[in-house]
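> Show me the folded form of this:
(one chain, ligands or ions: 1)
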Amino acid sequence: MDKAAKTKNDNMRGKRGATLWRLLKLVNSTSPWMLITSMIAIVLAAGSAVTGSLFIERLINDYIMPLTKEAHPNYGPLLTAIEVMFGIYAIGFISNYFFTMLMGVLAQKVQYRVRNEMFTHMETLPISYFDQNDYGDIMSRYTNDIDTLMQMISQSIPQFMNSALNLFFVIIAMFSLSWQLTIFSMIIFALSLGIVRFLTTRSSHYFQSQQRELGQVNGYNEEMLNGLKVIKVFSHEPDAKANFNKYNEALRQASGKANTYSTILFPIMGNLGNLLYVIIAVLGGAVAIEGWAPLSLGVIGAFLQLSKQFTQPIAQISQQLNSIVMALAGAKRIFDLEDEPSEVDSGDVTISKNQSVKGAWHWNVPQKDGSIKQVTVKGHIVFDNVNFSYSPDKQILYNISLDAKPREKVALVGQTGAGKTTISNMLNRFYEIDSGTITYDGIPINRIKKDDLRHSLSIVLQDTHMFTGTVMDNIRFGNPEASDDDVYQAAHLSHADEFIHHLDEGYQTVIDGEGGDLSQGQMQLLSIARAMIADEPVMILDEATSSIDTQTEKLVQAGMDNLLAGRTSFVIAHRLSTIVNSDLIMVLDHGHIIEKGNHKQLLAQRGYYYELYTGKKEIE
Ligand SMILES: Nc1ncnc2c1ncn2[C@@H]1O[C@H](COP(=O)(O)OP(=O)(O)OP(=O)(O)O)[C@@H](O)[C@H]1O
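Next up is the predicted model:
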């Protein structure tokens, strides 16, 4: 192995060690008593298995052998000894049951905790994290990674510890019986392990080439099937067949070799323990008979039992180690998510609302002398020379300046990808601007606590997401404090109540996360009602592009007009018909504001907006 590869391997091992350590701390802090009790049970289980085997020596030498020499054997002491042995194995059985059960419960507790922690932390992550990591990958941390973690805690780790302790105790016990036989057994075992390793390497080499050749055959087959017509047209069948035979022959040879090794390997692996057993029995017997070493029948009996216990844990340890390594990779992905830095928020200005008065919002601005000044929220938003890029290599917004006065309707117009949604992302601080300033009632928005800032902005998105629950719940989502009457009023103003009354159970109709049987237009009406009930001073409206019937469209439009009345609003327009009455229309092109003014002024300019409006240019 070269130096770089070795360093990489060492690093990986170091990281795995750190992950394992962190995981153990997590398990321990979840329930220390369960962990400690399980550890004690694991030691007891391993200890009693070995003690049971060691007891065979005394059973034979002290209880059975003397009986063979007596004319009238007294079986009493033997029965007592058997009871003791039974007791030892019973302790082993109970301990085994305990640690398996306790670790299973503990793993479930850890799983519950990790899921909660991950979700809670995920909620604090900036939107940019979700741009860089795809949903499938994040989801698999909640499913696959947590499952393997659970399996590792409930099975792999306790079994690994049990096997390792077993091995340790067995070796000590074997040495205590006969060091000569122990060393001999180890040599035989090491030799057979060497053979197995050799065969495994060879066989995995041939299995890999079998897979490779199989891939070639399948790939060739697929290519030929796709190009069947061309092959026939050019009469290339004989060539195709000859090539196929070549690949097929290579596959046959590789499979043959892989098969040869595997047929040798599996019986050897399966019978390694038996082999050692037979060799020890023959050799032990020979030593005892010839008197080369003081070996009693009891020692040979116990030793034989231990030799079986010796090979088993070794196979298990390597198996458990494999699953632990795999699960640690999953645990690392979970910890990586938990270690992602949360969105920073240094804002000190908060917002509050007088619930009993509609639209009565105010800022709480801390003053230098420590007092809090309350300022009424007006909804005056100013962008001054704002520049922004999602990634450093591609600027999206250039010198954006705009002044949205309280209660004005500002429309953002431009072709797809011009940067309209990005402007709204700046306002609610999903992303931080590169330079320039954005103020809200004269307060720089980075002084406002993010939650409060977002609380003061109502967003009606193109994507009208509903949550599983009743229609009532879905509207109330905009303001959990709202009374039923508030919900009815919001539904009435947004014109949603007409269709709600026609639903089987009215406001109590349950809809699922996808919106159930509701049409696109109905979902839009519900999301307008939701925004209405939130009663926030500033609205951002990402206008729907989906086609809805003209009747519903009129309702949606009327609902929107009611919603926007009396609030500052930003409308991301996809159809110009809906924004001609705006106070200010900003025309964007590739992140630049190229024109601004009201509808009349822009038409008079006869520029880009004029071309869009008159249909000389397409909006999308
Ligand atoms: N999360 C993101 N990460 C990187 N680039 C993005 C991201 N979101 C948008 N962009 C890019 O920023 C540019 C502006 O996108 P934006 O969504 O603001 O346009 P838009 O005018 O709202 O378009 P549309 O009318 O299609 O909604 C596009 O080039 C887009 O590819």
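
> tell me which parts of the stretch 301-450 of the chain are close to the ligand?
Residues of the stretch 301-450 of the chain lying close to the ligand by C-beta under 6 Å from any ligand atom are 390, 396, 414, 416, 417, 418, 419, 420, 421, 422. Every C-beta, even on glycine, is put in place using the N, C-alpha and C of the backbone.

> For PyMOL, write the selection for the buried entries among the residues you listed.
What follows is the PyMOL syntax for the buried subset of those, where burial is set by 16 or more other C-beta atoms under 10 Å:
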select buried, resi 396+414+418+419+420+421+422
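
> from the residues of the stretch 301-450 of the chain next to the ligand, which two are the most distant?
Farthest-apart pair in these is 390 and 414; separation 17.2 Å (C-beta to C-beta).

> what's the average pLDDT for stretch 114-123?
Mean pLDDT, computed over stretch 114-123, is 92.

> Give the buried residues for it.
Neighbour counts over stretch 114-123 (16+ other C-beta under 10 Å) mark 114, 118, 122 as buried.

> Let me have those in JSON lines, extended by secondary structure and distance to residue 247.
Converted to JSON lines, the buried residues of stretch 114-123 look like this (DSSP: H, G, I helix; E, B strand; the rest coil; distance: C-beta to C-beta, whole Å):
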{"residue": "114", "secondary structure": "helix", "distance to residue 247": "47"}
{"residue": "118", "secondary structure": "helix", "distance to residue 247": "47"}
{"residue": "122", "secondary structure": "helix", "distance to residue 247": "48"}
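
> out of those, who's near the ligand?
With C-beta under 6 Å from any ligand atom as the criterion, the buried residues of stretch 114-123 include none near the ligand.

> The ligand: which of the residues you listed is nearest?
Closest to the ligand out of these is residue 122 (17.3 Å), distances taken as C-beta to the nearest ligand atom.

> From residue 521, how far off is that closest one?
According to C-beta to C-beta, to the nearest Å, residue 122 and residue 521 sit 33 Å apart.

> what does residue 388 give?
Residue 388 is 33 Å from residue 521, by C-beta to C-beta.

> can you check residue 393 too?
Using C-beta to C-beta, residue 393 is found at 41 Å from residue 521.

> Those two: which has the busier surroundings?
A direct count of neighbours by other C-beta atoms under 10 Å for residue 393 and residue 521 places residue 521 higher, at 20 against 6.

> so after the longest helix that the chain contains, what's the next helix or strand?
In the chain, assigned by DSSP state H, the helix with the most residues is helix 237-290. Once helix 237-290 ends, the next helix or strand along the chain (criterion: DSSP states H and E) is helix 297-339.

> For the following helix or strand past that following helix, buried residues please.
Using DSSP H and E, the helix or strand that follows helix 297-339 in sequence is strand 350-353. Residues of strand 350-353 classed as buried by neighbour count (16+ other C-beta under 10 Å): 350, 351, 353.

> Does the helix or strand following strand 350-353 pack against any helices or strands, and if so which?
Using DSSP H and E, the helix or strand that follows strand 350-353 in sequence is strand 361-366. If you count contacts as 3 or more C-beta pairs under 8 Å, 6 or more residues apart in numbering; DSSP states H and E, strand 361-366 packs onto strand 350-353, strand 372-376.

> circling back: what average pLDDT does the longest helix of the chain get?
Mean predicted confidence for helix 237-290 is 82.

> elements contacting it?
Helix 237-290 packs on helix 179-226, helix 297-339, going by 3+ C-beta pairs under 8 Å, 6+ apart.

> Using CSV, lay out these together with mean pLDDT.
CSV is the format used below for these (pLDDT from 0 to 100):
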stretch, mean pLDDT
helix 179-226, 82
helix 297-339, 83
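
> Highest mean neighbour count out of those helices?
Stretch with highest mean neighbour count among the helices and strands packed on helix 237-290: helix 297-339 (a mean of 19; mean count of other C-beta atoms under 10 Å).

> what is the orientation angle of it with helix 179-226?
Angle of helix 297-339 versus helix 179-226, following axes from the mean of the first three to the mean of the last three C-alpha atoms, to 10 degrees, is 50 degrees.

> Centre of the chain to helix 297-339, how far?
27 Å (C-alpha atoms, centre = their mean, to the nearest Å).

> got it, and stretch 496-511?
The answer for stretch 496-511 is 37 Å, by C-alpha atoms, centre = their mean.

> Can you pull out the residues in contact with that stretch?
For stretch 496-511, contacts defined as C-beta atoms under 8 Å, 6 or more residues apart in numbering pick out 466, 468-472, 474-475, 484, 487-488, 490-491, 516-518, 522, 525-526, 528-529, 555, 559.

> Just the ones of these in strands?
In strands, defined here by DSSP state E, the members of those are 469, 470.

> Now do the contacts for the spatially most central residue of the chain.
By C-alpha atoms, centre = their mean, the chain has its centre lying nearest to residue 141, at 1.5 Å. Applying C-beta under 8 Å, 6+ apart to residue 141 gives the contacts 118, 330, 333, 334, 337.

> of those, closest to the ligand?
Of the contacts of residue 141, the one sitting nearest to the ligand (C-beta to the nearest ligand atom) turns out to be residue 337, at 19.1 Å.

> list the contacts for the closest one?
With C-beta under 8 Å, 6+ apart, residue 337 has these contacts: 118, 121, 122, 138, 141.

> And the closest residue to the third one other than its chain neighbours, how close does it get to residue 133?
Just to be clear, that refers to residue 122. Excluding the flanking residues, the one nearest residue 122 by C-beta to C-beta, 6 or more residues apart in numbering is residue 337, at 6.9 Å. Residue 337 sits at a distance of 9 Å from residue 133 (criterion: C-beta to C-beta).

> next one: residue 413
Counting by C-beta to C-beta - residue 413 and residue 133 are separated by 33 Å.

> Out of the helices and strands packed on helix 237-290, which is closest to residue 456?
Taking the helices and strands packed on helix 237-290 one by one with C-beta to C-beta, helix 297-339 is closest: 30.0 Å.

> got the angle for the closest one vs helix 237-290?
Orientation check (the same axes, to 10 degrees): helix 297-339 against helix 237-290 gives 140 degrees.

> Put the alpha carbons of stretch 293-311 into CSV.
Extracted C-alpha coordinates of stretch 293-311, given in CSV (Å, rounded to 0.1, in the frame of the first residue of the first chain):
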residue,chain,number,x,y,z
ALA,A,293,1.7,-35.0,29.4
PRO,A,294,-0.6,-35.4,32.4
LEU,A,295,-3.9,-35.3,30.6
SER,A,296,-7.0,-36.7,32.3
LEU,A,297,-10.1,-37.8,30.6
GLY,A,298,-11.9,-34.8,32.2
VAL,A,299,-9.4,-32.4,30.8
ILE,A,300,-9.8,-33.8,27.3
GLY,A,301,-13.6,-33.7,27.5
ALA,A,302,-13.6,-30.1,28.7
PHE,A,303,-11.0,-29.1,26.2
LEU,A,304,-13.0,-30.6,23.3
GLN,A,305,-16.0,-28.6,24.4
LEU,A,306,-14.0,-25.5,24.6
SER,A,307,-12.4,-26.0,21.1
LYS,A,308,-15.9,-25.8,19.6
GLN,A,309,-16.5,-22.6,21.6
PHE,A,310,-13.2,-21.3,20.3
THR,A,311,-14.0,-21.4,16.5
